[in-house]
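Peer 1: How does the following fold in three dimensions:
(one chain, ligands or ions: 1)
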Amino acid sequence: MISSIMTKLTFNKPFTQQEPIPEAGIERAVEVMRCGRLHRYNVVEGETAEAALLESEFADYMGQQYCLACASGGYALHIALKAAGLQAGEAVLTNAFTLAPVPGAINNAGGVPVLVEIDQNYCVDLHHLEQMMQESGARFFMISHMRGHIADMDAVVTLCDKYNVTLIEDCAHTMGAFWKGQRSGTFGKIACFSTQTYKHLNSGEGGFLTTDDADIMARAVMHSGSYMLFERHDAAPDPSIFADIKLDTPNYSGRMDNLRAAILRAQLPLLDENCRRWNDRYQALEQSLSRNSDIQLSHRPEAETYVGSSLQFRVEALAEQNIETFVQNCASRGVELKWFGGKQPHGFTSRYDSWRYLNNQQHLPKTLAILTTTFDLRIPLTFEIEDMKVIGEIISDEVSELVTI
Ligand SMILES: *Cc1c(COP(=O)(O)O)cnc(C)c1O
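Peer 2: Residues are numbered from 1 along each chain as shown. Here you go, the predicted structure:
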């Protein structure tokens, strides 16, 4: 027994290590640097910029008419609200379990976030959503498909139609995912994506906005800082649509450059295959954790084709005073868990009540209760299937160690 510490299974790969950029992307990025035309509107006669090519390719991928590549996912959310017509001081509904850039984007656009409870599967609570639609009178709902969990989109769309609410989707974690065979990001008026390093495409920083609405797209292009060069966008509406919009829309400078676009163009053809690789890893871990009856996994509906780039689980039987120990014990064996219930925000795990600037006194007991027992781990593609079994075993061991019967 003395040697048990020595023989404990450990894991030693970093949870934040992504795969390298594909060689084709590196080569193209070097070419962009060699020619010096990094700015998306800096093109020679007959040339289409990498950023414009990327927009057309991502619009095709999404099956949407229009796409804007921009500086970040949070930026895309911000200008989506502005382009959709949000007025200063207006309420914007959003689910309470999301990351800080979402309420931040609402705030940045002059809106007031109104938070909606989540359910046991980390999706927006539909009853509370309807209640908040009635109470707030909000004209916008920014749904965040947080950690890739997709709510019943038929029900969400029905509620939005019933209350005349414009749906904007935050697809930071659902790029490549579907609901009933329809791409996540095609249910609302606008969808926003992030290409920040920890998402499904990696350009360090970056984002996309997609829509089928010509006026919204024209406003988004102008907001992003196109000056009068909007004709250099291919996945954008006809220049005639810009006639008034070009004069009525402020420039909130947040373009994507050709260097990032070059890196992303090489990754896009690999996205679907990578989604399958994420799911292989996710399912191996899920299977391993499901053997421990003290671990509650979320239910993934048949209608949802998710991308398992992270996994959430709860341990309801774990006493609150043991949570820190559990996280530390896992960490000491190389498994990096995030606890979403911490009162003090750590890393990226901020809980809604730590966004003090919201100043809205909303109390969401259901969301708090769920987050208090929720743990989260990233699944980088640098992990192998075998690694997932090791990780699952370590978590399961440590749960059994601390759960009191
Ligand atoms: C990352 C993320 C964003 C914002 O993306 P950035 O590119 O970092 O601005 C928005 N929503 C969620 C849920 C995210 O995880």
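Peer 1: Not counting its neighbours along the chain, what's nearest Ile245?
Peer 2: Ala218 (4.5 Å; Cβ to Cβ, 6 or more residues apart in numbering). C-beta: built from backbone N, CA, C; applies to glycine.
Peer 1: ok, that neighbour - contacts?
Peer 2: 230, 236-237, 241-242, 245-246, 249 (Cβ atoms under 8 Å, 6 or more residues apart in numbering).
Peer 1: which element is it on?
Peer 2: For Ala218, the host element (DSSP states H and E) is helix 214-223.
Peer 1: just Ala266 next, same as before
Peer 2: Per DSSP H and E: helix 258-267 holds Ala266.
Peer 1: where exactly do the helices run in the stretch 301-405 of the chain?
Peer 2: With DSSP state H, counting those that start in this stretch, the ranges of helices along the stretch 301-405 of the chain come out as 323-332, 365-372, 385-402.
Peer 1: buried ones in the shortest one?
Peer 2: By neighbour count, with 16 or more other Cβ atoms under 10 Å as the criterion, the buried positions of helix 365-372 are 367-368, 370-372.
Peer 1: which outside residues touch that helix?
Peer 2: Residues contacting helix 365-372 (Cβ under 8 Å, 6+ apart): 96-97, 115, 117-120, 122, 125, 128, 314, 320, 340-341, 351-353.
Peer 1: what residues does the stretch 201-350 of the chain put near the ligand?
Peer 2: Residues of the stretch 201-350 of the chain found near the ligand (Cβ under 6 Å from any ligand atom) are Gly207.
Peer 1: Tell me which residue in the stretch 201-350 of the chain sits closest to the ligand.
Peer 2: Gly207 (5.1 Å; Cβ to the nearest ligand atom).
Peer 1: check contacts around that residue.
Peer 2: Gly207 neighbours (Cβ under 8 Å, 6+ apart): 69-76, 192-196, 256.
Peer 1: Just the pLDDT for the residue in the stretch 51-200 of the chain positioned nearest to the ligand.
Peer 2: Going by Cβ to the nearest ligand atom, the ligand is nearest to Gly73 of the stretch 51-200 of the chain, at 2.7 Å. Looking at Gly73, its pLDDT stands at 98.
Peer 1: Need the pLDDT of the nearest residue to it once chain neighbours are set aside.
Peer 2: Excluding its sequence neighbours, the residue lying closest to Gly73 (Cβ to Cβ, 6+ apart) is Ser194, at 2.7 Å. Per-residue pLDDT puts Ser194 at 98.
Peer 1: what about Ser194, how many neighbours?
Peer 2: 27 (other Cβ atoms under 10 Å).
Peer 1: cool, and Gln283?
Peer 2: When neighbours are counted by other Cβ under 10 Å, Gln283 comes out with 15.
Peer 1: Is it correct that it is in contact with Gly308?
Peer 2: Yes - with contact defined as Cβ atoms under 8 Å, Gln283 counts as touching Gly308 (7.0 Å).
Peer 1: Of the contacts of Ala218, grab the buried ones for PyMOL.
Peer 2: Of the contacts of Ala218, the buried ones go into a single PyMOL selection, burial set by 16+ other Cβ under 10 Å:
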select buried, resi 230+236+237+241+242+245+246+249
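Peer 1: Which of the contacts of Ala218 sits closest to Met175?
Peer 2: Ala236 (20.5 Å; Cβ to Cβ).
Peer 1: Can you tell me the element the closest one falls in?
Peer 2: Under DSSP H and E, no helix or strand contains Ala236.
Peer 1: What distance do you get for Val390 to Gly334?
Peer 2: Distance from Val390 to Gly334, counting by Cβ to Cβ, to the nearest Å: 9 Å.
Peer 1: anything in contact with each of these two?
Peer 2: Common neighbours of Val390 and Gly334 (Cβ under 8 Å, 6+ apart) are Phe11.
Peer 1: Perfect, I'm done here.
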